[in-house]
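J.: got a predicted structure plus its sequence, pasted below:
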Amino acid sequence: METACAIYKLAQERILLMDGAVGTYLRSIDDSEMLPDIYNITRPELVARVHNDYIHAGADIITTNTINANSLTREQGYMSADLDAVNRAGVKIVRKCIDQNTSQRNIFCAGSVGPTIRNIGLSNKDHYDQLVGVYCRQIEPLVTGGVDILLLETMINLPNAKAALDAAGKVFAKLKTEIPVWLSFAYPNRSGTPLSGEEIGDIIRGIVNDNLIIVGVNCIDDFEGAKTTLKSIKDHKNLLLSFYPNAGLPDEQGSYPLKIEDWVEQIGEICREGLLNIVGGCCGTTPEYIERIAKHIGNFSPRPFMMR
C-alpha cells in the first residue's frame, strides 16, 4: 500500500502530528446543539476552516468530521441527514483542504469511525452481525470517497473493535481495494482497560489484520494510565503507536480544565521515553494545542518500529 509506505517513511524521521478535536472546536466557533457531523452538509465552509486551522498548525494527519455518522446514532434522533452524504462530504472537505496545502509536505486524510452508541458482547452473534453491518454502511462511503487511512477510534471494548475490523475487511473485499487501518482505544475510567476489561496489549496480540498499521489510545485524560498501556504494547514492532488525549474532562459549563502547558508537557514526557510515533489531541483541544506540541517534541526521536 503506497499510503502505508509513505507513513512509515515519515514516521522513521520524526513523530507525526495528527489534528486535535473537531467537534468541540466546531462548537467553540459556532455554538449549536446540532451534531457536529451534520456541519459537513449544512456548514461545509466552517468544517473546512477547522481542518485548515489544524493544517496550518502543523498536522500531518487530518481526520474527517464523521465520528458519529452511523445509523445507530441516527436512530437515536441525533441526525436526520443522509449518512452516505454526510460521510462523503466529510471526506470531500478534508481532501480539498489537503489539496490546497500539499505543495510543501505530505498530509493524510483519516476517515473517522466511532464506537457507535451500542456496546456489544461477542456471545450475541445477531448483535455482532448487526454492528458489522452498521460499520460497513459507514466505512464504504469513506473508502470510496478517498480517505488515506481508516481510523477506528474511541473503541471501548473488544467486540466493537472486532466488528469494526471485520466490517473494514468486508468493504475492502467488496471494493477490491485496501487502505491502512488505525485502531485506537479509550477507557471510561482509570483502570487502564476498555469497558470489557481486557488489557489492550492482550487485545492487540489477538488481532490478526494485515491492514492494521497503527494502534493507540485516545479520548482520555489519564496520562499515566496511557503511558502504562503504551509500554504494554511497545514491543509490537510492526505497528506504529499513537496517543491523542483530551484537554481534561469538561466541567458543567463544557469547559476543559487542562492548561495547554500541562497537556504539552505530559505528552512530551511520554515522547521522551520513546513510546510514540503519532501524537495529537482529542476533546477540548484546538489548533493551538497542536502547534505547541509540534514545537515541543521536535527534538524527540520516534519510537523504533519495523516496516512491513
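T.: Here it is on my side, so go on. Numbering: from 1, shown residues only.
J.: is it true that residue 134 touches residue 117?
T.: No - contact between residue 134 and residue 117 fails when scored by C-beta atoms under 8 Å: they sit 10.3 Å apart. C-beta coordinates here come from the backbone N, C-alpha and C atoms, glycine included.
J.: can you list residues touching both of the two?
T.: The overlap between the contact sets of residue 134 and residue 117 (C-beta atoms under 8 Å, 6 or more residues apart in numbering) consists of residue 72.
J.: higher neighbour count, these two?
T.: Taking other C-beta atoms under 10 Å, residue 134 and residue 117 do not tie; residue 134 has more neighbours (22 against 12).
J.: ok, now which ones touch the residue nearest to residue 3 when sequence neighbours are not counted?
T.: What sits nearest to residue 3 in space, not counting adjacent residues and going by C-beta to C-beta, 6 or more residues apart in numbering, is residue 148, at 4.7 Å. Applying C-beta under 8 Å, 6+ apart to residue 148 gives the contacts 3, 108-110, 179-180.
J.: phi first, then psi, for residue 148.
T.: phi -90, psi -30 (degrees, to the nearest 10).
J.: now it: how far from residue 209?
T.: Counting by C-beta to C-beta, to the nearest Å, the separation of residue 148 from residue 209 is 17 Å.
J.: next helix or strand past the helix or strand containing residue 10?
T.: In the assignment (DSSP states H and E), residue 10 maps to helix 2-13. Tracing the chain past helix 2-13, the next element assigned as helix or strand by DSSP H and E is strand 16-17.
J.: what is that next one packed up against?
T.: Strand 16-17 is packed against strand 278-279, helix 287-296, with contacts defined by 3 or more C-beta pairs under 8 Å, 6 or more residues apart in numbering; DSSP states H and E.
J.: partners of the shortest one, with directions?
T.: The strands beside strand 278-279 in its sheet (DSSP bridges) come out as strand 16-17 (parallel), strand 240-244 (parallel).
J.: so which of those strands gets nearest residue 27?
T.: The minimum distance between residue 27 and the strands paired with strand 278-279 falls on strand 240-244, with 18.3 Å, by C-beta to C-beta.
J.: following that closest one, which helix or strand shows up next?
T.: Immediately after strand 240-244, counting by DSSP H and E, sits helix 260-272.
J.: just the CA coordinates of that following helix, formatted as PDB?
T.: As requested, the backbone C-alpha atoms of helix 260-272 are provided in PDB (Å, rounded to 0.1, in the frame of the first residue of the first chain):
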ATOM      1  CA  ILE A 260      -2.000  23.800  27.300                       C
ATOM      2  CA  GLU A 261       1.300  23.900  29.100                       C
ATOM      3  CA  ASP A 262       0.500  20.900  31.300                       C
ATOM      4  CA  TRP A 263      -1.100  19.000  28.400                       C
ATOM      5  CA  VAL A 264       2.000  19.500  26.200                       C
ATOM      6  CA  GLU A 265       4.500  18.700  29.000                       C
ATOM      7  CA  GLN A 266       2.700  15.400  29.800                       C
ATOM      8  CA  ILE A 267       2.700  14.200  26.200                       C
ATOM      9  CA  GLY A 268       6.300  15.300  25.900                       C
ATOM     10  CA  GLU A 269       7.300  13.100  28.800                       C
ATOM     11  CA  ILE A 270       5.800  10.100  27.000                       C
ATOM     12  CA  CYS A 271       7.500  11.100  23.800                       C
ATOM     13  CA  ARG A 272      10.800  11.500  25.600                       C
END
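J.: perfect, I'm done here.
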